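1. Pasting the sequence and the predicted model now:
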Amino acid sequence: MAENIDNGDIRRFFVQLVDGQSGCVVVEHDCGQHSVTAVCEFIGCEKNEFLLTKRAELDDGQVERANQLFALSIPPDYEFVDLWSWSEADGLPYRVHTNIELPLMLERKKPLSMFTEMYPTPDGSSTIPEHLFDPHVESSLFSKLEYYEPMPHLAPAYYAMRVVLYALCGEEWRLSAYAMVRNLAAKVGWEDNLIRLEGTLLGYAEWQNDVYIESPRS
């Protein structure tokens, strides 16, 4: 694709197959850097809306055009397909792992994933994507640790925080290590050294931990 435009129009594009139940990405295709203007015109996305949200849910016709543009072979009847983009100008100079934990772990680019939810949940259903991760536990690709953190200050509405961890086979030591980090943070707060240790356990590089700790956080 010709890119005779300024750098402000260039973003890195991803086509994502999304699980409808959890909103988590099941498969992600890195499509490289392209012009937002050119991509939106070819696929049929509204550019201003795309720039606002950084994503677009594609219909069957748009999936077909995305396949043509990016040389993919996504079935046109797949339930949820997103076009997503990223740029360093969005904030941090690296992508965070939120919602893309599964493809990163399957590519062995992420050794540990963590999910939490209040327990019990208001409607009795879980927001943790165990239906996506547990089959890989059964196949011995992942290991799993589940536990509950008491939260008496929230009683009687909630009794605990449910924590579910998944580690790659061979990285099981991270499960108990991460649980210990959370336990310590609950007592002393999330100070910088614990934030750095958490990031390292979750698979972020040292330079990424440095950037995150130095960045303003609410």
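-> That came in fine, so what should we check first? Numbering: from 1, shown residues only.
2. distance of residue 71 from residue 210?
-> From residue 71 across to residue 210, the span is 36 Å (CB to CB, to the nearest Å). All C-beta atoms are positioned from the backbone trio N, CA, C, and that covers glycine.
3. which of the two has more neighbours?
-> Using other CB atoms under 10 Å as the criterion, residue 71 and residue 210 rank with residue 210 on top: 13 against 9.
4. Specify the residue ranges that define each domain of the protein.
-> According to automatic domain parsing, the chain comprises the domains 7-90, 101-214.
5. Turn the ones you listed into TSV, including mean pLDDT.
-> Below are the domains of the chain laid out as TSV (pLDDT from 0 to 100):
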stretch	mean pLDDT
domain 7-90	95
domain 101-214	94
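6. neighbours of the closest residue to residue 87 other than its chain neighbours, just the number please.
-> Closest residue in space to residue 87, ignoring its immediate chain neighbours: residue 11 at 4.7 Å, by CB to CB, 6 or more residues apart in numbering. Number of residues near residue 11 (other CB under 10 Å) recorded here: 22.
7. OK, contacts around residue 11?
-> Taking CB atoms under 8 Å, 6 or more residues apart in numbering, we find residue 11 in contact with 33-34, 36, 85-87.
8. mind checking the SS state of it?
-> Applying DSSP: H, G, I helix; E, B strand; the rest coil to residue 11 yields a three-state assignment of strand.
9. Look up how far residue 108 lies from it.
-> Distance, residue 11 to residue 108, by CB to CB: 26 Å.
10. Please apply the same query to residue 26.
-> For residue 26, the distance to residue 108 - CB to CB - is 17 Å.
11. ok, the two, which is more surrounded?
-> Applying other CB under 10 Å to residue 26 and residue 108 shows that residue 26 carries more neighbours, namely 18 against 13.
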